[in-house]
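Q: I'll drop the sequence and a predicted model, then ask my questions.
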Amino acid sequence: MGGDHGPAVTLPACQAFLRRHPDAELLLVGTEAALAPAAGWARCRPVVASEVVTMDDPVEVALRRKRDSSMRVAIAQLKPGDDGRAAADACVSAGNTGALMAVARYLLKTVEGIDRPAIATVMPNRNDGFTTVLDLGANVDCAPEHLLQFALLGSALVAAVDGKEDATVGLLNIGEEAIKGSDTIKRAGELLRAAAERGHLNFHGNVEGNDIFKGTTDIVVCDGFVGNVALKTAEGLASMLSDFIRQEFTRTWYAKLAAVVALPVLRHFKARVDPRRYNGAALLGLRGLVFKSHGSADAFAFEQALTRAYDAARNRLLDRVHDRILDIVQAMPESDAAAAPVARTA
């Protein structure tokens, strides 16, 4: 029900996803009217919700008033029942980010050692690889301890998905020097360096915005405000470059000829930077797999989010990430726990 387009996008995306994944099943959560076109679909089960969280609903409304919203009902499918099994392995939503984070945290709780879930996704870099960036919007105001937790979550994610047990972590800042940045960033740098000295993660140091695309580190950590701005800026730049190339190569006959010669390179470039291909960000730190789709996603992009959630569930990402986090947290000395009094909230 969420996002800018709702069922007009999500239902076609679900059809395409099911065609490509014959072993997958979907629970479609929404109003009765929205679910009507999907009646009779194979490997689909409708779950009716009477309310919808809008994109401009305050968190309080989503959390306290709309108790039968499609968002809340969908997340509740991840909670184990009396038999110890959950109805669903992962949840995907294109809805209100703040509401999604709040409701997911309330219903699922966070894993031991993590106070706040963080949104993480990948961005392409010039090394023909990807840089994992978090947080991308779940937490606007972060304490230094939260940035340390994000670094641990990112390290666990990359280790689980990419097999990089010693992934490098960069702290996004206005300069590489340790003396730069706000008091929060400086303190976060101290905590990250201390954690690195104890072998809990591989901290590279401060990085700047362009390092995300240089591939300087495997992981870049920042608060949700900065991360979301960086993400939207990257998406806007990719769209602008794509439009510019298309316009320039259609102006004259020799430009069109050059476009034909360069077509394979242009196609590769367009695919490489197309933000729709990277849609579907994980809310890490929860006791359940929740993925956030971009609100303006089209059917192709929303299908990518479904695929990321499917791959995460199939590869047991939740167990692997959380096991690694628990190993790290339990190995941390009490002095670190005292520095982060909220770190053991479950």
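A: Received it, and whenever you're ready, just let me know what you need. Numbering: from 1, shown residues only.
Q: Distance across stretch 171-190, terminal residue to terminal residue?
A: Start and end residues of stretch 171-190 are separated by 11 Å (C-alpha to C-alpha, to the nearest Å).
Q: ok, and what's touching it?
A: Under the contact criterion C-beta atoms under 8 Å, 6 or more residues apart in numbering, stretch 171-190 has outside partners 142-144, 147-148, 151, 192, 203, 205-209, 212, 220-223, 226-227, 230. All C-beta atoms are positioned from the backbone trio N, CA, C, and that covers glycine.
Q: Which residue ranges of the stretch 1-150 of the chain form helices?
A: Along the stretch 1-150 of the chain, counting by DSSP state H, counting those that start in this stretch, helices occupy 7-20, 32-35, 59-60, 70-76, 97-108, 144-162.
Q: Could you list the low-confidence segments of the protein?
A: By pLDDT under 70, the low-scoring segments of the chain are 241-242, 244-251, 253-256, 258-273, 327-346.
Q: Go through the contacts of stretch 171-190 and flag which are in helices.
A: Residues of the contacts of stretch 171-190 located in helices (DSSP state H): 144, 147-148, 151, 192, 212, 226-227, 230.
Q: Just the closest of these to residue 73, please.
A: Nearest to residue 73 among these, counting by C-beta to C-beta, is residue 227 at 28.3 Å.
Q: which residues of the stretch 201-346 of the chain fall in strands?
A: Secondary structure of the stretch 201-346 of the chain by DSSP state E, counting those that start in this stretch: the strands cover 202-207, 219-221, 281-284, 289-292.
Q: Does anything pack onto the shortest one? Which helices or strands?
A: Read it as strand 219-221. Judged by 3 or more C-beta pairs under 8 Å, 6 or more residues apart in numbering; DSSP states H and E, strand 219-221 is in contact with strand 130-134, helix 144-162, strand 168-172.
Q: got the ones in helices among the contacts of stretch 171-190 as TSV, with distance to residue 324 and neighbour count columns?
A: Shown next, in TSV, are these (distance: C-beta to C-beta, whole Å; neighbours: other C-beta atoms under 10 Å):
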residue	distance to residue 324	neighbour count
144	22	20
147	18	25
148	15	30
151	13	28
192	17	25
212	23	24
226	25	19
227	22	29
230	26	18
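Q: in the chain, which residue is closest to the centre?
A: The structure's the chain has its C-alpha centroid closest to residue 281; by C-alpha atoms, centre = their mean the separation is 2.0 Å.
Q: residues near the residue lying closest to it once chain neighbours are set aside, how many?
A: Once flanking residues are discounted, residue 281 sits nearest to residue 121: 3.8 Å by C-beta to C-beta, 6 or more residues apart in numbering. For residue 121, the count of nearby residues is 23 (other C-beta atoms under 10 Å).
Q: Residue 189 too?
A: So residue 189, with other C-beta under 10 Å, has 22 neighbours.
Q: In a strand, it, correct?
A: No. Using DSSP: H, G, I helix; E, B strand; the rest coil, the assignment for residue 189 is helix, not a strand.
Q: What's the separation between it and residue 204?
A: Per C-beta to C-beta, to the nearest Å, residue 189 is found 11 Å from residue 204.
Q: residues making contact with stretch 54-70?
A: 1-4, 29-31, 49-53, 71-72, 95-96, 98-99, 102-103, 106, 295.
Q: Narrow the residues you listed to just the buried residues.
A: 1-3, 29-31, 49, 51-53, 71-72, 95-96, 98-99, 102-103 (16 or more other C-beta atoms under 10 Å).
Q: my read: residue 4 touches residue 294, true?
A: No. Judged on C-beta atoms under 8 Å, residue 4 makes no contact with residue 294 at a distance of 9.0 Å.
Q: any common contacting residues for those two?
A: Common contacts of residue 4 and residue 294, defined by C-beta under 8 Å, 6+ apart, comprise residue 94.
Q: Any idea what the residue nearest to residue 281 is bridged to?
A: On the basis of DSSP bridges, residue 121 is bridged to residue 133.
Q: Can you tell me how far residue 173 is from residue 116?
A: 20 Å.
Q: cool, residue 192 as well?
A: Taking C-beta to C-beta, one finds residue 192 at 17 Å from residue 116.
Q: do the same with residue 288
A: Counting by C-beta to C-beta, the gap from residue 288 to residue 116 is 15 Å.
Q: What lies in contact with stretch 304-319?
A: So stretch 304-319 is contacted by 13-14, 17, 20-21, 24, 26, 89-92, 94, 157, 160-161, 276-280, 282, 287-289, 291-294, 297 (C-beta under 8 Å, 6+ apart).
Q: what's the span of stretch 80-98, first residue to last?
A: With C-alpha to C-alpha as the measure, stretch 80-98 spans 24 Å from end to end.
Q: And it, what's buried?
A: 86, 88-98.
Q: Likewise for stretch 169-186?
A: Across stretch 169-186, burial judged by 16+ other C-beta under 10 Å covers 169-173, 181, 185-186.
Q: for the residue nearest to residue 109 when sequence neighbours are not counted, what are its contacts?
A: The shortest distance from residue 109 to any residue other than its chain neighbours is 5.4 Å, reached at residue 287 (C-beta to C-beta, 6+ apart). When contacts are counted by C-beta under 8 Å, 6+ apart, residue 287 is found next to 108-111, 318, 322.
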